[in-house]
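1. Sequence isn't available, so here's the structure alone:
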């Protein structure tokens, strides 16, 4: 397990003076990478060997979004394995110990050249399995809602990472930009679900169908699906 403190400066926060979705998922992503490197699997064991860490699914349950200039405790630990996939758990707590956010992600490793999933055990990568009370399980599916409009998502240079595809955190900038500002001002996010079906390589454009129903926003494409649940302020 790795635990760290984060101080939420302007670079993390949205116009609503709370952490943005891309910053939230970026903090979790970087924490996970640091924890894996600390137990012995740095780039010499992965990217230098043609192996890339990727995220397949993410699910978050949010009691309250951390706010500008707040200090929060962030932690992550590896969960159970499901074949070549494994769970990664996240928690974000206030300074007083209040549980603000719980999350779980499904990670795996792909081959840099073939882009196929690799059995990490066959590559000598053995991750521990930890657990805590109240942790989230494997992200569940949800019914999609037919879109009422479409927008184009481009894997532009600034949205892509060292893997040559759109970074999983950058999807949330597109998602938040696609939701009306008036809605975001009047609602608080409660749940986040995203399923990355196939990568979006640098320079690729993807058509995304968008719908709103009963306080939730739905995003659907050939490359990813997402659902964001909100509650009225």
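-> Structure's in. What do you need? Model, not experiment: these values are computed from the prediction.

2. Can you tell me which residue sits nearest the middle of this structure?
-> Residue closest to the average C-alpha location in the chain (Cα atoms, centre = their mean): residue 25, at 4.5 Å.

3. Tell me if it really is in a strand.
-> No: using DSSP: H, G, I helix; E, B strand; the rest coil, the assignment for residue 25 is helix, not a strand.

4. For the residue nearest to it when sequence neighbours are not counted, give me its contacts.
-> Using Cβ to Cβ, 6 or more residues apart in numbering and skipping the chain neighbours, the partner closest in space to residue 25 is residue 169 (4.4 Å). Glycine gets a C-beta too; all of them are placed from N, C-alpha and C. With contact taken as Cβ atoms under 8 Å, 6 or more residues apart in numbering, residue 169 is in contact with 22-23, 25-26, 29.

5. Can you check these and name whichever has the most neighbours?
-> Among the contacts of residue 169, residue 25 has the most neighbours (other Cβ atoms under 10 Å), with 25 neighbours.

6. Tell me how far it lies from residue 170.
-> Computed as Cβ to Cβ, to the nearest Å, the residue 25 to residue 170 distance reads 9 Å.

7. Cross-check the contact I'm expecting between residue 207 and residue 223.
-> No: in this structure, residue 207 is not within contact of residue 223 by Cβ atoms under 8 Å, at 9.7 Å.

8. who has more neighbours, the two?
-> Neighbour count, other Cβ under 10 Å: between residue 207 and residue 223, residue 223 has more, with 21 against 13.

9. isn't that one right up against residue 195?
-> No: counting by Cβ under 8 Å, residue 223 stays clear of residue 195, with 9.9 Å between them.

10. what residues are up against residue 188?
-> Contact analysis of residue 188 by Cβ under 8 Å, 6+ apart lists 62, 64-65, 230-233.

11. Tell me where this protein has helices.
-> Ranges of helices in the chain, per DSSP state H, are 21-38, 171-178, 181-186.

12. Minimum distance to residue 124: which of those has it?
-> helix 21-38 (13.7 Å; Cβ to Cβ).

13. could you give the angle of that closest one to helix 171-178?
-> 170 degrees (axes from the mean of the first three to the mean of the last three Cα atoms, to 10 degrees).

14. Which strands and helices lie in contact with helix 21-38?
-> Helix 21-38 sits against strand 2-7, strand 51-62, strand 71-82, strand 85-94, strand 99-111, helix 171-178, with contacts defined as 3 or more Cβ pairs under 8 Å, 6 or more residues apart in numbering; DSSP states H and E.

15. what lines up beside the fourth one in the sheet?
-> Its sheet considered, strand 85-94 pairs with strand 71-82 (antiparallel), strand 99-111 (antiparallel) by DSSP bridges.

16. and it, average pLDDT?
-> The predicted model assigns strand 85-94 a mean pLDDT of 96.

17. Show residues contacting it.
-> So strand 85-94 is contacted by 24, 27-28, 31-32, 56, 60, 66, 70, 72-81, 99-108, 120, 127, 130, 132, 135-136, 138 (Cβ under 8 Å, 6+ apart).

18. what angle separates it from strand 51-62?
-> Angle, strand 85-94 to strand 51-62, by the same axes, to 10 degrees: 50 degrees.

19. That concludes my questions; thank you for your assistance.
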